[in-house]
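In: the following block contains a protein sequence and its predicted model.
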Amino acid sequence: MTTDYRPMWQNLGLDLKAHDDLLKNLGKAYQQIILNQKKRPQKMEYLDFVMREVHGLRIKELIDAKAAGRKVIGAFCVFVPEEIVLAADAIMVGLCTGADFALEDVEKLLPRNTCALIKSAFGFKLSRVCPFLEAADMVVGENTCDGKKKAFEQMLELVPNFYVMDLPQQKTAGGRRLLRLEYQNFLRAIFELTGVEITVERLRRGIEISNNKRKALARLSHLRRAEPAPISGLDALLINQVAFYDDPLRFTDSINQLCDELEELIHRKEGVFPAKAPRILLSGCPMAVPNWKIPWLIEQAGAVVVGEEACVGERGWRNFTKTCGETVDDLLDNLVERYFNIDCAIFTPNPEREEHIIEMAKDLKADGIIHYSLQFCQPYSIEALPLERRLQERGCNFLRVETDYSMEDIGQLQTRIEAFVEIISQI
Ligand code: BJ8
């Protein structure tokens with residue numbers, strides 16, 4: 001028997017007709033891209049279940065938690081420290097930014113040449129189709145790229161309790177101080193919202209929960225080094241996407257169970273792609289649900305994606321936070337130490353990213369790197385050009401693609417990706 005969630009969605013103020021359309025399209029894309037894959041680990045069933053219930057059971061969990069006095073915090077960026085949210089017994093969710101919605105309305109507020117990710121955030125809000133956004137008691141927008149920074153000025157008028165977090169642009173002592181101050185302010189804002197005093201024990205527990213989630217994702221990444229690849233890039237990306245929505249304890253447990261299964265597959269030398277399939281590292285902008293376009297095209301071309309150098313991927317979970325320290329201030333310092341390592345392209349200069357790409361490519365035995373940026377994303381699109389030159393000089397096979405969330409360029413992308421896969425498979 002299926003549960004009727006419509007009254008719940010109605011209470012959240014969703015536009016039911018537009019929301020039905022969204023679920024219909026999401027279901028179609030999921031079937032065509034994810035479920036149609038030939039071989040999948042059995043434990044991916046859990047991820048399929050989460051995705052089936054992403055606007056159903058998961059939202060009911062959030063509503064039930066709110067009724068019990070807990071708060072829900074929505075975020076757009078991996079710089080928002082989940083540890084502080086968890087320490088206040090609140091719930092953090094990533095907000096939908098992976099599909100075009102209500103573009104005509106969005107383009108009345110934002111220029112056409114704004115990146116698809118920012119437009120998507122506005123589209124979901126304007127058309128009232130995201131239950132996570134509508135269930136959130138606080139939404140955090142961060143001053144990262146200029147696009148987000150300026151667009152969030154308008155978001156302030158659309159979303160009640162929209163909290164703006166400033167972020168540094170340089171990895172200097174001043175930048176570190178700014179991040180420390182912003183995390184201190186965020187801690188205070190979370191306390192004011194939840195009424196929960198964040199003690200050292202509570203914050204340490206929040207850090208442990210986040211670390212365990214990141215460790216499970218790191219374990220998964222480590223297993224993707226195997227030849228043949230035990231999991232497709234599409235499924236691994238899906239796992240990284242679900243990490244932003246699901247309950248962290250349940251998610252960690254499920255991914256560890258999946259990793260147990262992958263270890264057995266590796267032991268039996270079984271894979272989801274032939275052992276000789278070209279291996280690709282995907283690098284660049286974050287890919288939020290349902291943005292599966294590029295890994296789908298890569299894997300349709302017969303290659304396998306073995307890693308994502310992206311925020312929905314390794315850049316998002318890499319590095320753990322130390323738990324040592326006697327005071328909340330000590331633990332805040334540990335958080336700053338961890339987050340200050342994120343090599344997002346909004347930083348200038350950002351040399352660590354090149355080294356990290358090389359390190360990942362070697363570690364995952366990638367035969368080629370595909371750099372993906374969203375059209376009009378200046379940080380990643382501009383950074384892609386010197387990266388292309390330098391990585392080619394260092395002997396990497398590198399393809400640079402730019403796209404958006406539409407399917408208009410699918411033929412052209414397919415041709416370029418197939419040609420790249422063909423070339424690297426002959427090397
Ligand atoms: S830490 S990558 S999640 S900012 S695609 S909106 S950069 S114009 S998303 Fe990001 Fe945080 Fe950095 Fe990660 Fe701007 Fe580019 Fe659009 Fe972007």
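Out: Sure thing, it's come through. Residues are numbered from 1 along each chain as shown.
In: use CA for all of it now, contacts and neighbours both
Out: OK.
In: contact residues of this protein facing the ligand?
Out: Within reach of the ligand by Cα under 6 Å from any ligand atom, the chain has these residues: 77-79, 115, 117-118, 144-145, 147-148, 285-286, 311, 344, 374, 377-379.
In: which residues does the helix or strand where Lys362 lies contact?
Out: Taking DSSP states H and E as the criterion, Lys362 maps to helix 351-363. By Cα atoms under 8 Å, 6 or more residues apart in numbering, the residues outside helix 351-363 that reach it are 225, 281, 283, 307, 309, 343-344, 367-369, 387, 391.
In: right, and Asp166 touches Val140 too?
Out: No: counting by Cα atoms under 8 Å, Asp166 sits too far from Val140 to count as a contact (10.3 Å).
In: what's the helix or strand containing Glu192 packed up against?
Out: Per DSSP H and E: Glu192 is located in helix 173-194. Where contact means 3 or more Cα pairs under 8 Å, 6 or more residues apart in numbering; DSSP states H and E, helix 173-194 is packed against helix 82-87, strand 162-166, helix 328-339.
In: circling back: please produce a ChimeraX select command covering the buried subset of the residues of the chain next to the ligand.
Out: Per 16 or more other Cα atoms under 10 Å, the buried members of those correspond to this ChimeraX selection:
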select :77,78,79,115,117,118,144,145,147,148,285,286,311,344,374,377,378,379
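In: quick one, what contacts the nearest residue to Tyr30 once chain neighbours are set aside?
Out: Spatial nearest neighbour of Tyr30, excluding adjacent residues (Cα to Cα, 6 or more residues apart in numbering): Pro290 at 8.0 Å. Listed by Cα under 8 Å, 6+ apart, the contact set of Pro290 reads 26, 29-30, 98-99.
In: number of nearby residues for Asp330?
Out: Residues within reach of Asp330, counting by other Cα atoms under 10 Å, total 14.
In: whoops, Pro160 was the one
Out: Neighbour tally, Pro160, other Cα under 10 Å: 13.
In: starting at the chain centroid, how far to the helix holding Lys362?
Out: Remark: helix 351-363 is offset 19 Å from the chain centroid, using Cα atoms, centre = their mean, to the nearest Å.
In: what's the answer for stretch 64-78, then?
Out: In terms of Cα atoms, centre = their mean, the centre of stretch 64-78 is set 18 Å apart from its chain centre.
In: residues making contact with that stretch?
Out: 62, 85, 89-95, 132-133, 135-142, 193-194, 311, 316.
In: now the most centrally placed residue in the chain, nearest residue through space, not along the chain?
Out: Taking Cα atoms, centre = their mean, the centroid of the chain lies closest to Val312, which sits 2.7 Å from it. Excluding the flanking residues, the one nearest Val312 by Cα to Cα, 6+ apart is Pro286, at 5.2 Å.
In: before we move on, back to that, ok, so of the contacts of helix 351-363, who is nearest Leu399?
Out: Checking those against Leu399 with Cα to Cα, the nearest one is Ile369 at 6.3 Å.
In: show me where the stretch 151-300 of the chain dips below the pLDDT cut-off.
Out: Scanning the stretch 151-300 of the chain for pLDDT under 70 picks out nothing.
In: appreciated, that's everything.
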